[in-house]
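give the three-dimensional model of this entry:
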Amino acid sequence: MSYIGHILVALVSLATVDFGWCSEVAYPGILVALTVSPWIVGRVVRRLVMAGRFRIAALGERLLSALPVLLQWWAASGLGWFAFLKEHIGLDLSLETWPGLSLLAGLAPYLVYQLVAIDAESRLSPHSSGSASRSRNLQLRFFATALIPFLVYLSFSSLVGLSETTRVHVEEVSIFSALFTLSLIAFLLWFLPRLIVHAWETVPMEAGWMREMLEGVAKRVNFRYRELLLWRTGRMLSNAAIVGFTRNSRVVLFSDALLTQLRPEELAAVFTHEIGHAKRGHVVSFAAWSLVFLLGANVLVGLLEEPELPLYLGIFATALVAWYLAFGYMSRRFELEADLESRAFFGESGALIRALAAVSGPRGQDHTSWRHFSPMRRMQFLQAVDLDPGIGIRLQKRMRWVARTGWVLCLLVLAAEGNQLVENWTPERLSAELRLGHYAHAALLLEEVRDELDEASIAMVEFAGDLADGLRVDELERRSRTEYQRGNQESTVHLLQLSILRGARELIPVLEWLRSPDGGEDGKEGVSEAELPEAWRTLLLGQ
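Numbers count the residues shown, from 1 in each chain. Here you go, the predicted model:
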């Protein structure tokens, strides 16, 4: 499921617009020509494999896997993809804008390059002629499983964006934003098991000795589920999984390759390993720690007064790196803890060790990853536990401590977040009313939070309270120029602030110009004359 990470990293390429790192000139010809690059890299990797240069070939495979994301960033920063969209389609994309299905246009290079890379990777297989097709089909299903939740999110967001009032309240008021997020998460928790069952080509396991044996194992450990499923992978993948969080939604998947590789007791060992994950609540622990890092970053941002975008992104980037490291640490040890659950079922580790050896094969026993220790290390751990059960007991105690610490920290973060939600309820509603042009209601809310605002903000809201509700942005901007010509600096600033809140971000340089000290012959310090709208340039500079 690394495609989820790839999609998120590709999405962050929109930040090049906010930081000014994207090219203003589009090179569509180069963008199209780069489409063949995954095939070229794949062809080189295949030749390296055939020449026996396996280490370099492995690096080439990693490059091929990362290539779609790298090309997306190049398309964004150096090849002017976003400039092309703005010029030819009228899409002005940014991470600061409300997310909708239009973001797919921004990610179009990644999506195309990823599909080509999947095809190129499928051609690396040196086996039978049908293996490339089976590999391509399997990876496309994985990619769809990662992409569809993202499409669901964008669809939810687009529906919210149809109503300006709803969108602004979700953007500005943290409680509404939390409700939106919780609703989306609840839907995805209900939807994902159903998505996986259909996207991964599963069918109910046929009646017979194998199903009866697995049902007997589940009954013996009091594990309930909705269905046992055969996962058709074209015998490309040996794996098992339990999907779903409740007894009524849980489904158990066994891949076709796994069922043909293992003997009954080995298959039961794999099943009890997966049951171990569920009984130990590993997914819940992951969720708790994820909230610690991601909500914790949100709490930290909330303690800062209007942080700049680089600081905002830096805090969340740091939280993501910390989450990544913590997730990898816990995941590898949770695998060992689930292995211990399997061992407890049999009273010894032989069945699971044989299953690990059979699934990994002689060449894959030293393979390790972010989420898993190598099969060899897991087998050595189980053998050590057979000799000294205290090793397993100590691991279980440590992981219980990790899980409980995660829950305690999660509750603390949730309490801090809840406190911020309550404290920000009225100020954020006030900000939302100003953005919507509901000035009378904003003036009423001011009385509830007057002590929390600075004098400049109070003056702006009081000024807005004397305006008619629903004034158009162009009318506010026209009035600001009139007030400037009359010499009413304070009214000019208030009207500009209200215009900017209503979406006229092109007036930000004007406000900065009026507030900035003189910078000599170049005009105002930190503000370029070229940034000023033409009407204001004429007014401010007499040009």
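
and residue 421, what does it touch?
Neighbouring residues of residue 421 by C-beta atoms under 8 Å, 6 or more residues apart in numbering: 174-175, 178. Any C-beta I mention is one placed from the backbone N, CA and C, and that applies to glycine too.

what are the phi and psi values for the residue nearest to residue 470 when sequence neighbours are not counted?
Closest residue to residue 470 apart from its sequence neighbours, by C-beta to C-beta, 6 or more residues apart in numbering: residue 437 at 5.2 Å. Backbone torsions of residue 437, given as degrees, to the nearest 10, read phi 80, psi 20.

residues near residue 437, how many?
For residue 437, the neighbour count with other C-beta atoms under 10 Å is 20.

cool, and the one 10 residues further on?
Residue 447 sits with 9 neighbouring residues when counted by other C-beta under 10 Å.

where along the stretch 101-250 of the chain do the helices fall?
With DSSP state H, counting those that start in this stretch, the ranges of helices along the stretch 101-250 of the chain come out as 103-106, 108-122, 131-161, 164-172, 174-199, 209-220.

who does the second one touch, helix- and strand-wise?
Other helices and strands packing on helix 108-122, by 3 or more C-beta pairs under 8 Å, 6 or more residues apart in numbering; DSSP states H and E, are helix 2-11, helix 37-50, helix 54-77, helix 131-161.

longest single helix anywhere in the protein?
Counting residues, the longest helix in the chain under DSSP state H turns out to be helix 389-436.

quick check: mean pLDDT across that one?
For helix 389-436, the mean pLDDT works out to 95.

and the angle for whichever helix or strand comes after it with helix 389-436?
Next along the chain after helix 389-436, taking DSSP states H and E as the criterion, comes helix 439-449. Angle between the axes of helix 439-449 and helix 389-436 is 130 degrees (criterion: axes from the mean of the first three to the mean of the last three C-alpha atoms, to 10 degrees).

check which helices and strands helix 439-449 sits against.
Under the contact definition 3+ C-beta pairs under 8 Å, 6+ apart, helix 439-449 sits against helix 389-436, helix 455-465.

dump those to JSON lines, plus distance to residue 91.
Converted to JSON lines, these look like this (distance: least, C-beta to C-beta, whole Å):
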{"stretch": "helix 389-436", "distance to residue 91": "22"}
{"stretch": "helix 455-465", "distance to residue 91": "32"}
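
what about these, which gets the closest to residue 60?
Nearest of the helices and strands packed on helix 439-449 to residue 60, taken as C-beta to C-beta: helix 389-436 at 36.9 Å.

chain center to the closest one, what's the gap?
Relative to its parent chain, helix 389-436 has a centroid offset of 18 Å by C-alpha atoms, centre = their mean, to the nearest Å.

equivalent analysis for stretch 89-109, please.
16 Å.

for it, list every residue counted as buried.
Neighbour-count burial for stretch 89-109 flags 93, 95, 98-100, 102-103, 105-107, 109 (criterion: 16 or more other C-beta atoms under 10 Å).

quick check: the farthest pair among the residues you listed?
98 and 109 (22.0 Å).

show me what the helix or strand of the chain at the bottom of the mean pLDDT ranking is packed up against.
Least confident helix or strand, the chain: helix 15-18 with a mean of 81, by mean pLDDT, DSSP states H and E. On a contact count with 3+ C-beta pairs under 8 Å, 6+ apart, helix 15-18 meets helix 54-77.

so what's the gap between whatever helix or strand comes next after the helix it packs on and the chain middle?
Going down the chain from helix 54-77, the next helix or strand is helix 81-88, by DSSP H and E. Helix 81-88 sits 25 Å away from the centroid of its parent chain (C-alpha atoms, centre = their mean).

tell me the mean pLDDT for helix 81-88?
Helix 81-88 comes out at a mean pLDDT of 90.

just how off-centre is stretch 220-237 within its chain?
28 Å.

and that stretch, end to end?
Chord length of stretch 220-237, first to last residue, is 28 Å (C-alpha to C-alpha, to the nearest Å).

of the contacts of residue 421, grab the buried ones for ChimeraX.
Entered in ChimeraX, the line below selects the buried ones among these, by 16+ other C-beta under 10 Å:
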select :174,175,178
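
columns pLDDT and distance to residue 358 on top of the contacts of residue 421, output as JSON lines?
JSON lines is the format used below for the contacts of residue 421 (pLDDT from 0 to 100; distance: C-beta to C-beta, whole Å):
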{"residue": "174", "pLDDT": "91", "distance to residue 358": "51"}
{"residue": "175", "pLDDT": "94", "distance to residue 358": "53"}
{"residue": "178", "pLDDT": "92", "distance to residue 358": "47"}
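
redo the contacts of residue 421 as CSV? Include distance to residue 414.
Output for the contacts of residue 421, formatted as CSV (distance: C-beta to C-beta, whole Å):
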residue, distance to residue 414
174, 13
175, 14
178, 10
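
which one of the contacts of residue 421 is nearest residue 133?
Distances from residue 133 to these, taken by C-beta to C-beta, are shortest for residue 178, at 45.2 Å.

quick check: nearest residue in space to that closest one, chain neighbours excluded?
Distances taken as C-beta to C-beta, 6+ apart put residue 421 closest to residue 178, at 6.5 Å, once the chain neighbours are dropped.

how near is that neighbour to residue 429?
In this view, residue 421 and residue 429 are 12 Å apart by C-beta to C-beta, to the nearest Å.

ok, now residue 416?
Distance from residue 416 to residue 429, by C-beta to C-beta: 21 Å.
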